[in-house]
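J.: predicted model, plus sequence, below.
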Amino acid sequence: MFPLRDINPVRIIPWVKYCFIAACGIVFFVFQSHDTPEDAQEFLFRSAVISCEITTGQPLSLSEVVDQVCSSEPSQPLFPDKNPFLAALTSMFLHGGLGHLAFNMWFLWIFGNNVEEAYGHVRFFLFYILGGIAATLAFVFLNPESTVPLVGASGAIAAVLGAYAVLYPTHRVVTLLGWILLPIPAGIFLGLWFILQFGLAGGNIAWEAHVGGFLFGLLVTLPFRRSLLRRVG
């Protein structure tokens with residue numbers, strides 16, 4: 001089930017959406033481009049949010065990284081200059097690979113413009129950032145002792161999907177199902193997407209962040225649905 005486009009034209013130029021896509025691309029191709037896998041891994045531990053660092057308030061030590069065990073005892077940080085809480089912001093611009101980046105940006109490309117039109121540029125910017133942070137906190141809450149870097153714009157984009165589901169549930173999403181193209185109502189498509197996230201439990205995908213971001217977007221948008229839709233006529 002892969003979305004190709006939505007049938008929901010906009011009257012604005014979604015500058016904020018374009019900027020987020022460009023920022024993620026620049027970060028990946030400029031700052032995350034490393035000669036060796038070891039360099040790439042070090043960059044993630046330096047820059048990405050890690051649950052254990054949030055819950056303890058301090059960067060991981062070498063033993064925590066090697067043993068993959070979170071400890072609340074004071075220890076010498078491996079990267080003492082790292083700010084664990086600032087990493088919650090920077091982490092949503094990092095990605096684990098080209099496929100990860102492309103998949104996320106495609107979803108943002110399809111669904112982001114309509115949500116940006118409804119919210120307006122400034123509020124959409126804040127909504128996206130807060131959605132990403134909410135998604136991260138959901139992951140941290142459910143995985144407080146994880147020592148694995150959490151990367152990707154998935155949580156923030158999930159918030160955009162939640163908002164889209166509230167605002168435009170009847171608009172069609174042209175979806176590829178096997179070799180068949182079907183225009184599926186956005187409410188059904190995004191509802192299925194949300195349910196499928198629970199099937200990712202136990203894998204390497206941070207489904208908790210996806211669910212947390214989606215619920216954030218849904219719950220924040222729902223009370224303002226009428227006023228937001230009035231903006232788009």
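T.: That came through, no problem. Numbering: from 1, shown residues only.
J.: please, where are all the helices along this structure?
T.: Taking DSSP state H as the criterion, the chain carries its helices at 15-26, 37-47, 51-56, 62-67, 87-90, 98-119, 121-142, 154-167, 186-197, 207-221, 225-231.
J.: can you put these in JSON lines and add mean pLDDT, distance to residue 76 and mean neighbour count?
T.: For every residue, glycine as well, the C-beta is placed using N, CA and C. Formatted as JSON lines, the helices of the chain follow (pLDDT from 0 to 100; distance: least, C-beta to C-beta, whole Å; neighbours: other C-beta atoms under 10 Å):
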{"stretch": "helix 15-26", "mean pLDDT": "98", "distance to residue 76": "33", "mean neighbour count": "17"}
{"stretch": "helix 37-47", "mean pLDDT": "89", "distance to residue 76": "15", "mean neighbour count": "14"}
{"stretch": "helix 51-56", "mean pLDDT": "96", "distance to residue 76": "13", "mean neighbour count": "22"}
{"stretch": "helix 62-67", "mean pLDDT": "91", "distance to residue 76": "8", "mean neighbour count": "15"}
{"stretch": "helix 87-90", "mean pLDDT": "95", "distance to residue 76": "19", "mean neighbour count": "19"}
{"stretch": "helix 98-119", "mean pLDDT": "97", "distance to residue 76": "32", "mean neighbour count": "20"}
{"stretch": "helix 121-142", "mean pLDDT": "98", "distance to residue 76": "23", "mean neighbour count": "20"}
{"stretch": "helix 154-167", "mean pLDDT": "98", "distance to residue 76": "31", "mean neighbour count": "28"}
{"stretch": "helix 186-197", "mean pLDDT": "95", "distance to residue 76": "37", "mean neighbour count": "17"}
{"stretch": "helix 207-221", "mean pLDDT": "97", "distance to residue 76": "29", "mean neighbour count": "23"}
{"stretch": "helix 225-231", "mean pLDDT": "94", "distance to residue 76": "49", "mean neighbour count": "12"}
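J.: among these, which comes closest to residue 9?
T.: Distance to residue 9, taken as C-beta to C-beta, is lowest for helix 98-119 among those, at 8.8 Å.
J.: list the helices and strands the closest one packs on?
T.: Counting contacts by 3 or more C-beta pairs under 8 Å, 6 or more residues apart in numbering; DSSP states H and E, helix 98-119 is packed against strand 2-6, helix 15-26, helix 121-142, helix 154-167, helix 225-231.
J.: and the ones you listed: which comes nearest residue 66?
T.: helix 121-142 (21.6 Å).
J.: could you check how far that closest one is from the centre of its chain?
T.: Distance, stretch centre to chain centre, for helix 121-142: 8 Å (C-alpha atoms, centre = their mean, to the nearest Å).
J.: how about stretch 197-210?
T.: Distance of stretch 197-210 from the chain centroid (C-alpha atoms, centre = their mean) equals 12 Å.
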